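**Student:** below are the sequence and a predicted model for it; my questions follow.
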Amino acid sequence: MGTEQQNANNRLGLIFVSIAILFWGILPIALKLSGGFITPVTLTWFRFLMAFVVTLLIQWKIGALRQFVGLPRAVWLKLTLAGVLLMCNYVSFVYSLGYLAPGTAQLNFQTAPFFLAFGGVLFFKERFNAFQLSCFATLALGMLMFFHPQLDLSHASDHQVLMGIIIVQFSVMSWTSYALLQKSVSQRISPSNVLLFIYGLGIFAMAPFSDFSQFEAMTLNQWWIVLFCGANTLIAYGCFAQALHYWPTAQVSAMLSLTPVLSFTVTELVVSLGWWSGIFSSANIDLLSLMGIVLIVCAVFTVQIVPMYQKRKQAKAFRTLL
């Protein structure tokens, strides 16, 4: 791959993963607001339906649906398994909140970027050098520091905490496996078509467990929240899929570690503005949590910028020799 093409891929990967982080960072606000008028399964069904319709129209318009013709059985099996795993991720994480506080559950889910990075090394033979390993270790330390106020488990029984952690890690493995399966078929079928199949599968699989009568009772403001959740699914997962196409999984997974920091920042902004005061409250973070944020941002910045700088330096040296 030429230097110009590599630089273009780096820029596109950065754009797509940044959009995914932005929308995933905002999503918890909408999900929290939706909890009072619609069940998680019904909301997920609607999110998949909205994303399916829009993606289908786009793919039909550009003539990309022909990619499904002649796909080998192995690809169809991977697509089906990826769809099942993504649904397991949605449902199991919501279920884990019955055992863990939201902050504790969110902390446990942050093992996903690390599993994703190691999956890229294991299955796609991507490079994972000592420098990247040190950056991921710094990320882990930063996230522990950032979420340390949420680690107080003294008010829950050991059995309840253990069960919640097991469910969250099942959700993590489901999401990671979905992402790796999606990347494995990216050379045979576009990321948008992968998601199109998954959305369609999810619509039929979750329909029997959805309560459609809840849509009739929703107000206009509630409909706006649901529509935002649907648009969020379409944009965030679409951009995430494209990011995996242009970037190694290690780089994507490192950037995803910024998502909980953004979620925290948005929540604090909502609280400071006095919006939905009966639903959201300040996390009251301390100096150690702030230091954790700095570590996370620095580690993500380093793992992205340094390899790009080294590649440009090598390319410049090569041109000088010529």
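**Tutor:** On my side now, so go ahead. Residues are numbered from 1 along each chain as shown.
**Student:** number of residues surrounding the residue lying closest to T111 once chain neighbours are set aside?
**Tutor:** Nearest non-adjacent residue to T111, counting by Cβ to Cβ, 6 or more residues apart in numbering: V172, 5.4 Å away. C-beta here means a position set from N, CA and C on the backbone, and glycine is covered the same way. V172 has 22 neighbours, counted by other Cβ atoms under 10 Å.
**Student:** show me which residues of the strand or helix carrying S177 are buried.
**Tutor:** Using DSSP states H and E, the element containing S177 is helix 158-184. Buried positions in helix 158-184, judged by neighbour count with 16 or more other Cβ atoms under 10 Å: 161, 164-165, 167-183.
**Student:** after that helix, which helix or strand is next?
**Tutor:** Following helix 158-184 in sequence, per DSSP H and E, is helix 191-206.
**Student:** for the next helix-or-strand element following that following helix, packing partners?
**Tutor:** With elements assigned by DSSP H and E, the helix or strand that comes after helix 191-206 is helix 213-216. Here helix 213-216 touches helix 40-61, going by 3 or more Cβ pairs under 8 Å, 6 or more residues apart in numbering; DSSP states H and E.
**Student:** dump the helix it packs on to CSV, restricted to CA.
**Tutor:** Extracted C-alpha coordinates of helix 40-61, given in CSV (Å, rounded to 0.1, in the frame of the first residue of the first chain):
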residue,chain,number,x,y,z
PRO,A,40,-34.9,-2.3,26.5
VAL,A,41,-35.8,-5.1,24.1
THR,A,42,-38.6,-3.0,22.5
LEU,A,43,-36.3,0.0,22.1
THR,A,44,-33.5,-2.2,20.6
TRP,A,45,-36.0,-3.7,18.1
PHE,A,46,-37.0,-0.2,17.0
ARG,A,47,-33.3,0.8,16.7
PHE,A,48,-32.6,-2.2,14.5
LEU,A,49,-35.8,-1.5,12.5
MET,A,50,-34.9,2.1,11.8
ALA,A,51,-31.3,1.3,11.0
PHE,A,52,-32.4,-1.6,8.7
VAL,A,53,-34.8,0.6,6.7
VAL,A,54,-32.3,3.4,6.1
THR,A,55,-29.4,1.1,5.3
LEU,A,56,-31.5,-1.0,2.9
LEU,A,57,-32.6,2.1,1.0
ILE,A,58,-29.0,3.4,0.8
GLN,A,59,-27.6,0.1,-0.3
TRP,A,60,-30.3,-0.4,-2.9
LYS,A,61,-29.8,3.1,-4.2
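**Student:** so which elements touch whichever helix or strand comes after it?
**Tutor:** Counting by DSSP H and E, the next helix or strand C-terminal to helix 40-61 is helix 73-96. Judged by 3+ Cβ pairs under 8 Å, 6+ apart, helix 73-96 is in contact with helix 40-61, helix 102-109, helix 158-184, helix 191-206.
**Student:** right, and these - which one's nearest L227?
**Tutor:** helix 40-61 (7.4 Å; Cβ to Cβ).
**Student:** in the closest one, what's buried?
**Tutor:** 40-52, 54-56, 59.
**Student:** and for stretch 66-83?
**Tutor:** In stretch 66-83, counting by 16+ other Cβ under 10 Å, buried: Q67, L71, V75, K78, L79, A82, G83.
**Student:** as JSON lines, those residues with distance to L269 and pLDDT would be great.
**Tutor:** Formatted as JSON lines, the buried residues of stretch 66-83 follow (distance: Cβ to Cβ, whole Å; pLDDT from 0 to 100):
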{"residue": "Q67", "distance to L269": "41", "pLDDT": "88"}
{"residue": "L71", "distance to L269": "45", "pLDDT": "87"}
{"residue": "V75", "distance to L269": "43", "pLDDT": "90"}
{"residue": "K78", "distance to L269": "40", "pLDDT": "91"}
{"residue": "L79", "distance to L269": "38", "pLDDT": "92"}
{"residue": "A82", "distance to L269": "34", "pLDDT": "91"}
{"residue": "G83", "distance to L269": "35", "pLDDT": "90"}
